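Peer 1: only geometry, no sequence info:
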């Protein structure tokens, strides 16, 4: 199982599922991180966290702990 | 509770006031659009009971008077708190203090259509006439994005206009579309959800109606979709509680067929968005790398980004200090001049003192904050408008999570080092209520600029100016830094404690959009500055004035002229005669100087006999463990409205007169000398020593001595509880801190 939090900077993946049903997962879904969508990791902050993603044509910042809810197609 | 709004075509007479709501994601230029429509006819208030701002304005469309409501920018109409519920209730016509909405303008970012359509999809479900305004069309064009407007309009089923709000392009089309949509039947609602979902909703709706509930379909959907969400919580306590088991079973059935909430909403709506945009948007094959993109790579770079960020923060922070200072000096002189004029014009007596010391002094202590607020908000508005603010939060997030907060708290807390007031006002960007409260409650612990004079005098008087390590480590500088550290460390501890107790809750999400960079709009920046400055003056001003008048009264009364001035009468007349009959300049000046001295002594005696002075003497036993005598106690009490006052009060109490200007070098050393010479009334031992001085500084570092700050906390949280709590906890901490510092210091001293 590949998680978004494990994706290397500069690579992309396709979302398979969002785990959990709490506020953070709902937020991810609302912002367009849904099953089937392509996500790319474009960078990260100085201490390695949070991550900068590109999804549906815009830039989104997500903490690694939050990104770990996103399962990617391996 | 009103039922959901229903607009029947043709019932809108030209004379009826029409209400139009503006809805949209953050960073779509909604405020610019609102301001362009409403102009100066806008008003900001509060929805009662919540911290959400109520922003309304007036405009004319096709001869009709329109009331505009600017709803807070949001990514979704799924309410997760009382604050977010306000927006939903306004749109559903369920708020008694807002007229039912007749039309919604849904503002969308041209470069970001897909994500923006998520919200549009929710708006379309409300059963209201909708116009979609595609804003920032210029940015999209510069990226090579082309939009087929006709096709989009057909696929959406509602009027669509393109706009560039900051250049006033597209407004005629927008107004025409609103007029059109108000006079037509509402577009038929096409649900993005699969049939199974819609069936479940219909069944729930029937059950709800059967129970006498009046829930609109949208809220039933929310109930089904938001698992353990706000709507569920709120309705569980209400009459619709019986609905919940039905909702649970509906959710289970849907999950079994892979259509489970909450994911089903995002999947359905984004699926619909993709269909709607099919053939509508054409992008160049490879993403056009704009200047903004290149900027962004540097600004979020691990090394360069952080350096630039540090530099930017330094600029903001020092500007508030550096630029505000001369302006504050001007304001101060202005106030002093006015006071001087009044002083000359009015006859002696309580009324004059009331006006000069109470009113002018009181108003002055409010107006003095204005330059700092304006400057800080100018920077914040610029940073936010150009898009850098989100990057700042992104860079600082990891650090802030260590104290239980998020990156969004960084700039408000940094600003609080200059002045907590604009810092607290800046916490509006923090959406999560608990995080925002915590930030507001610890902001006053960041040693603000008003504490500097206190530190400066006490350090100059009592900390030896020794240096170690060949001049690198200077004791006085270290002490100053230590005081700032006390504030920061305490803030970190308090933040962690609050998060574990009062403000406990799940870690809020830090899913943050990083908007594209754009040039900040001057009208936006100035507008926001004026907005905040005016809000501060209005609200905080009334409270501070009241408190200042109270403190004035306490330090003026009771006033027994005979008892105080009586003993000096003969001396005064002797000196006056000496002055009038003086033959040389020296004799005259000598006599005048002595008269001034006597006046100071009289002032000090009045102080001692006043309520304030008596209060100081009364609490002396309580402050003795801190090493304070009644004079310090009095000064501490008097400085509660504004801590800068403490130096002036101490000046009076130590016979230095009330015009002591703490900024002046000579006055500083005079006060320092007096402090060093001060003795206890009964034992004659020195009052001030290093432990007392340090304890006093710690007290000032941690104490909530600023009525203005408390007033702003009240305004931002819309409740008295929070400023009261802030005051209570900070005073307790300050007392404890001063106690520990003093006792430890004395213990160490006794061992040396």
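Peer 2: On my side now, so go ahead. Just so it is clear, the structure is predicted and the values come from calculations on it, not from any experiment.
Peer 1: and residue B:43, that one's in a helix?
Peer 2: No. Going by DSSP: H, G, I helix; E, B strand; the rest coil, the assignment for residue B:43 is strand, not a helix.
Peer 1: from what I can see it touches residue B:57, true?
Peer 2: Yes. Using CB atoms under 8 Å, residue B:43 is in contact with residue B:57, at 7.1 Å. In this view, the C-beta of every residue, glycine as well, is placed from N, C-alpha and C.
Peer 1: Those two: who's more crowded?
Peer 2: residue B:57 (21 against 10; other CB atoms under 10 Å in any protein chain shown).
Peer 1: Give me the nearest residue to that one, chain neighbours excluded.
Peer 2: The spatially closest residue to residue B:57, leaving aside those adjacent along the chain, is residue B:38, at 2.7 Å (CB to CB, 6 or more residues apart in numbering or on different chains).
Peer 1: which residues sit against the helix or strand harbouring residue B:614?
Peer 2: Using DSSP states H and E, residue B:614 sits in helix B:611-618. Outside helix B:611-618, the residues that touch it by CB atoms under 8 Å, 6 or more residues apart in numbering or on different chains are B:551, B:553-555, B:557-558, B:607-608, B:630-635, B:637-638, B:653.
Peer 1: about what we covered before: in contact with the residue nearest to residue B:57, which residues are there?
Peer 2: For residue B:38, the contact set (CB under 8 Å, 6+ apart) comprises B:57, B:58, B:59, B:68.
Peer 1: Please narrow those residues to those residing in strands.
Peer 2: B:57, B:58, B:59, B:68 (DSSP state E).
Peer 1: Please work out how many residues are found near residue B:398.
Peer 2: So residue B:398, with other CB under 10 Å, has 19 neighbours.
Peer 1: Can you tell me which of the contacts of residue B:38 is nearest chain A?
Peer 2: For the contacts of residue B:38, the minimum distance to chain A (CB to the nearest CB) is 25.9 Å, reached by residue B:68.
Peer 1: Surely that closest one touches residue B:34?
Peer 2: Yes. Using CB under 8 Å, residue B:68 makes contact with residue B:34 at a distance of 6.4 Å.
Peer 1: what is in contact with those two at once?
Peer 2: Counting by CB under 8 Å, 6+ apart, the residues touching both residue B:68 and residue B:34 are B:22, B:42, B:57.
Peer 1: From these, which one has the minimum pLDDT?
Peer 2: Lowest pLDDT among the shared contacts of residue B:68 and residue B:34: residue B:42, with 80.
Peer 1: Provide a list of residues in contact with it.
Peer 2: Listed by CB under 8 Å, 6+ apart, the contact set of residue B:42 reads B:34, B:35, B:55, B:56, B:57, B:58, B:68.
Peer 1: now do 7 Å
Peer 2: Neighbouring residues of residue B:42 by CB atoms under 7 Å, 6 or more residues apart in numbering or on different chains: B:55, B:56, B:57.
Peer 1: And for residue 22, the neighbour number?
Peer 2: Unless you meant another one, I'm taking chain A. Residue A:22: 16 surrounding residues under other CB under 10 Å.
Peer 1: try chain B instead
Peer 2: 23.
Peer 1: Got the phi and psi for the residue nearest to residue B:57?
Peer 2: Here is the backbone geometry of residue B:38 (degrees, to the nearest 10): phi -90, psi -20.
Peer 1: Roughly how far does it sit from chain A?
Peer 2: With the distance defined as CB to the nearest CB, to the nearest Å, residue B:38 ends up 29 Å from chain A.
Peer 1: Give me the longest helix you can find in the chain.
Peer 2: In the absence of a named chain, chain A is used. helix A:23-30 (DSSP state H).
Peer 1: wait, I meant chain B there
Peer 2: helix B:304-345.
Peer 1: where's residue B:490 relative to residue B:40, distance?
Peer 2: In this view, residue B:490 and residue B:40 are 44 Å apart by CB to CB, to the nearest Å.
Peer 1: any idea how far residue B:627 is from residue B:222?
Peer 2: Distance, residue B:627 to residue B:222, by CB to CB: 60 Å.
Peer 1: got it, and residue A:31?
Peer 2: Residue A:31 is 18 Å from residue B:222, by CB to CB.
Peer 1: where along chain A do the helices fall?
Peer 2: Using DSSP H, helices in chain A cover A:23-30, A:64-67.
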